[in-house]
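Participant: sequence first, predicted model second:
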Amino acid sequence: MQHTPVLIAGGGVVGLSASLFLAHHGVRSILVERHPGTSIYPRARGVNGRTMELMRELGLDRAIQHAGADLAPAIGMYRGTTLVDVLQTHGRGNWLMRKMRARAGRGTGSRHSPAGPCRCTQEAMEPLLLDAARARGVDVRFATELTAFDQDATGVTATLVDRGSGEPHVVRADYAIAADGARSRIAERLGIARTGESQAGHQLNLYVRADLAALVKGREFSICLIDNPDVRGLLVSINNADLWVLHVAYDPARGERPEDFPPERCAQLVRKATGIADLAVTVKAVNPWQSAVRIAESFQRGRIFLAGDAAHTMPPWGGFGANTGIQDAHNLAWKLALVLAGTAGSELLATYETERMPIARAVSALAAGMSDPRGLLDITPGLGMLWRMRKVFPYFTMGYGYASPAVALEPGPPPGPGSTDLRGRPGTRAPHSWLTHDARLSTLDRLGKRFVLFAGRDGDAWCTAARDAAGRLGIAIDTFRIGVDLGEPGTPERRFRAAYGLTPAGAALVRPDGIVAWRARRAGGSPGDSLFSVLTKILRPPSNPKAAINPTDIVPAQEARSG
């Protein structure tokens, strides 16, 4: 029987990201996916700013920017009777629109981050993640299905079947991640119910090839709602040239079925939507989907964790789905790494659900609120659309904070979903601050693998205390006095202290996932006792590293088909 620290079921963007984050922490994994390869459909198109920070951490940000270069200029949400009419009306836009189109979606950093939002479709992104995963030692097995699993107090036993040969293979894992999609059979077999269901309609995703490059050049758009007597649908840009998606609603209550949309009818709907009667259209795929919100009542059952669509499904509006799933995986990976190393207790793993479930609920509600009665994106002209989008914009950069036992919170309202507070408060993402002028080193570039203590130039005592606490707890902590050990003195140092709210003798402890865990604005008290206490509270180190998981969290043997 083969052993692996972590078994991942699902080889989509979330499962692949999970394998990469685990590898980044030195944790081996086996990833299984029942399909023969990565996605052949565009699906998600936007990589938000926080996800791009995580891809920068993995060294993949530039590759993703390059893969999405054709889609990058696609901005603007329009509505009209046909695409031809809309683009003739809007033309190339005013100077601001032209400037935004030239800069949008290219991953460009800002004063808040060394990275920025980027356009890249899922079918272009997944192969990059796959190549990186294999290069970093992940055992990736496509055309392999997880058909049964059983978990006990010390691990998960899974049966994997090669779909080509039918040969079964048994794997023993310490932990498992179910990233097997919206219809997760693992979640179903674990008996994890979904709450907050709301179905706003049934849609068809018509993925087509049609050459519109000359029409849209210099007038690239993201989404256009088409409403005329022949078709009401949402036309979505994939490469600004010859690949497009048209979302159209159908109504089963009126007897409509996906089978009622053969290729020629779909091609005709695209012609009616564009306003070009003789447009050559090739239908690549027709996929039915439901505009629904479903949140798992638990993201963990014993030693199995749900991530991505297996934990939360939502309408695609706002681009929350894939981004939220990738950020799930990032939150979980460092916690699994420390527990597997025996330096943290299983209580740390419980904070995965505590921290990520509120985010899933919040963004799902936002996505659902952007739907019209038929489940398509509700594009209201003018200020109405901007008023709704005001709640979405924070998530393009950061948009979330955590309040859990893995954070030493400060007095005041706890950070949570929608938070844009990047001023060093515990529970929020550590602020970005450039430390050098020439190499353009960001504080975020020192995060990602272990705890980091950032201190002011007079923070020697905090650095010494952090190293002592790390030695006592058996963990790794990097310590930096900004302007002394790291970065340049002068302006960068003052900028750093202003960003983190510290005096020259203050310090901030940052978790491996880039979240501020604790802060001391100035010197005081006993640095050694303070940091040891904080780290002990976060890690809950086990008195017995081999201690069994709570038996009440264990479920009996299950039969499943997933991955």
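Facilitator: Looks like it arrived, so ask away. Numbers count the residues shown, from 1 in each chain.
Participant: within the helices and strands, which one has the residue lying closest to residue 474 once chain neighbours are set aside?
Facilitator: Closest residue to residue 474 apart from its sequence neighbours, by CB to CB, 6 or more residues apart in numbering: residue 343 at 4.9 Å. Quick note: C-beta positions are derived from backbone N, CA and C, even for glycine. Assessed by DSSP states H and E, residue 343 sits outside every helix and strand.
Participant: and for residue 343, the neighbour number?
Facilitator: Residues near residue 343, counting by other CB atoms under 10 Å, number 19.
Participant: now swap in residue 491 and tell me
Facilitator: Neighbours of residue 491 (other CB under 10 Å): 11.
Participant: buried ones in stretch 185-196?
Facilitator: Within stretch 185-196, the residues that qualify as buried are 185, 186, 187, 188, 189, 190, 192, 194, 196, counting by 16 or more other CB atoms under 10 Å.
Participant: ends of it, how far apart?
Facilitator: End-to-end distance for stretch 185-196: 19 Å, by CA to CA, to the nearest Å.
Participant: and stretch 452-459, by the same measure?
Facilitator: The first residue of stretch 452-459 is 14 Å away from its last residue (CA to CA).
Participant: what would the buried residues of stretch 185-196 look like in a markdown table with pLDDT, secondary structure and distance to residue 299?
Facilitator: Listed next are these as a markdown table, based on pLDDT from 0 to 100; DSSP: H, G, I helix; E, B strand; the rest coil; distance: CB to CB, whole Å:
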| residue | pLDDT | secondary structure | distance to residue 299 |
| --- | --- | --- | --- |
| 185 | 95 | helix | 16 |
| 186 | 98 | helix | 12 |
| 187 | 97 | helix | 10 |
| 188 | 96 | helix | 15 |
| 189 | 96 | helix | 16 |
| 190 | 97 | coil | 11 |
| 192 | 97 | coil | 8 |
| 194 | 91 | strand | 12 |
| 196 | 75 | strand | 14 |
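Participant: need these in TSV (columns: distance to residue 480).
Facilitator: Compiled in TSV, the buried residues of stretch 185-196 are given as follows (distance: CB to CB, whole Å):
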residue	distance to residue 480
185	46
186	41
187	41
188	47
189	46
190	42
192	42
194	44
196	43
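Participant: if the residue nearest to residue 159 when sequence neighbours are not counted is in a bridge, with which residues?
Facilitator: Once flanking residues are discounted, residue 159 sits nearest to residue 148: 4.3 Å by CB to CB, 6+ apart. On the basis of DSSP bridges, residue 148 is bridged to residue 159, residue 559.
Participant: can you get me a residue count around residue 148?
Facilitator: 17.
Participant: again with the one 10 residues further on
Facilitator: The tally of other residues near residue 158 (other CB under 10 Å) stands at 27.
Participant: distance check, the residue nearest to it when sequence neighbours are not counted against residue 170.
Facilitator: What sits nearest to residue 158 in space, not counting adjacent residues and going by CB to CB, 6+ apart, is residue 149, at 4.4 Å. Distance of residue 149 to residue 170, given as CB to CB, to the nearest Å: 10 Å.
Participant: do the same with residue 30
Facilitator: Taking CB to CB, one finds residue 30 at 12 Å from residue 170.
Participant: got the CA coordinates for the helix ranked longest in the chain in CSV?
Facilitator: Longest helix in the chain, counting residues (DSSP state H): helix 347-369. Extracted C-alpha coordinates of helix 347-369, given in CSV (Å, rounded to 0.1, in the frame of the first residue of the first chain):
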residue,chain,number,x,y,z
GLU,A,347,-6.9,22.4,16.6
LEU,A,348,-5.1,24.5,14.0
LEU,A,349,-6.8,22.6,11.2
ALA,A,350,-10.2,23.6,12.7
THR,A,351,-9.4,27.2,11.9
TYR,A,352,-9.6,26.5,8.2
GLU,A,353,-13.4,26.3,8.4
THR,A,354,-13.6,29.1,10.9
GLU,A,355,-11.7,31.5,8.6
ARG,A,356,-12.9,30.4,5.2
MET,A,357,-16.6,29.7,5.7
PRO,A,358,-17.5,33.4,6.4
ILE,A,359,-15.7,34.4,3.2
ALA,A,360,-17.6,31.7,1.1
ARG,A,361,-20.9,32.9,2.5
ALA,A,362,-20.1,36.6,1.9
VAL,A,363,-18.9,36.2,-1.7
SER,A,364,-21.7,33.8,-2.6
ALA,A,365,-24.3,36.3,-1.4
LEU,A,366,-22.6,39.0,-3.5
ALA,A,367,-22.5,36.8,-6.6
ALA,A,368,-26.2,35.8,-6.2
GLY,A,369,-27.1,39.5,-5.7
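Participant: buried set for that helix?
Facilitator: 347-368.
Participant: mind giving me the packing neighbours of that helix?
Facilitator: strand 194-209, strand 282-296, strand 300-301, strand 312-313, helix 320-340 (3 or more CB pairs under 8 Å, 6 or more residues apart in numbering; DSSP states H and E).
Participant: tell me which of those lies nearest to residue 441.
Facilitator: helix 320-340 (21.4 Å; CB to CB).
Participant: show me where pLDDT drops low in the stretch 51-200 of the chain?
Facilitator: Counting by pLDDT under 70, the stretch 51-200 of the chain contains low-confidence residues at 91-96, 100, 102-107, 197-200.
Participant: do you know how far residue 84 is from residue 424?
Facilitator: 51 Å.
Participant: which one's more surrounded, the two?
Facilitator: Taking neighbours as other CB under 10 Å, residue 84 and residue 424 compare with residue 424 leading, 25 against 15.
Participant: what's the closest non-adjacent residue to the more buried one?
Facilitator: residue 500 (3.7 Å).
Participant: the one you found reaches residue 508, doesn't it?
Facilitator: Yes: between residue 500 and residue 508 a contact is recorded at 5.1 Å, counting by CB atoms under 8 Å.
Participant: shared neighbours of the two, which are they?
Facilitator: Common neighbours of residue 500 and residue 508, counting by CB atoms under 8 Å, 6 or more residues apart in numbering, are 424, 430, 454, 519.
Participant: quickly find the element holding the first one.
Facilitator: Translated: residue 424. Per DSSP H and E: nothing holds residue 424, as it lies in no helix or strand.
Participant: try the third one
Facilitator: Using DSSP H and E, the element containing residue 454 is strand 451-455.
Participant: what comes up buried for whichever helix or strand comes after that strand?
Facilitator: Remark: after strand 451-455, the chain's next helix or strand is helix 460-473, criterion DSSP H and E. Residues of helix 460-473 classed as buried by neighbour count (16+ other CB under 10 Å): 460, 461, 462, 463, 465, 466, 467, 469, 470, 473.
Participant: and the angle from helix 460-473 to helix 320-340?
Facilitator: 70 degrees (axes from the mean of the first three to the mean of the last three CA atoms, to 10 degrees).
Participant: can you list contacts of helix 460-473?
Facilitator: Contacts of helix 460-473 (CB under 8 Å, 6+ apart): 343, 451, 453, 455, 476-477, 479-481, 485, 505-507, 509, 520, 523, 527-528, 530-532, 535-536, 539, 541.
Participant: what stretches of the stretch 301-450 of the chain score poorly on pLDDT?
Facilitator: 381-386, 437-438.
Participant: picking that back up, now the shared contacts of residue 500 and residue 508 as TSV including distance to residue 73?
Facilitator: Putting the shared contacts of residue 500 and residue 508 into TSV (distance: CB to CB, whole Å) gives the following:
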residue	distance to residue 73
424	35
430	32
454	37
519	41
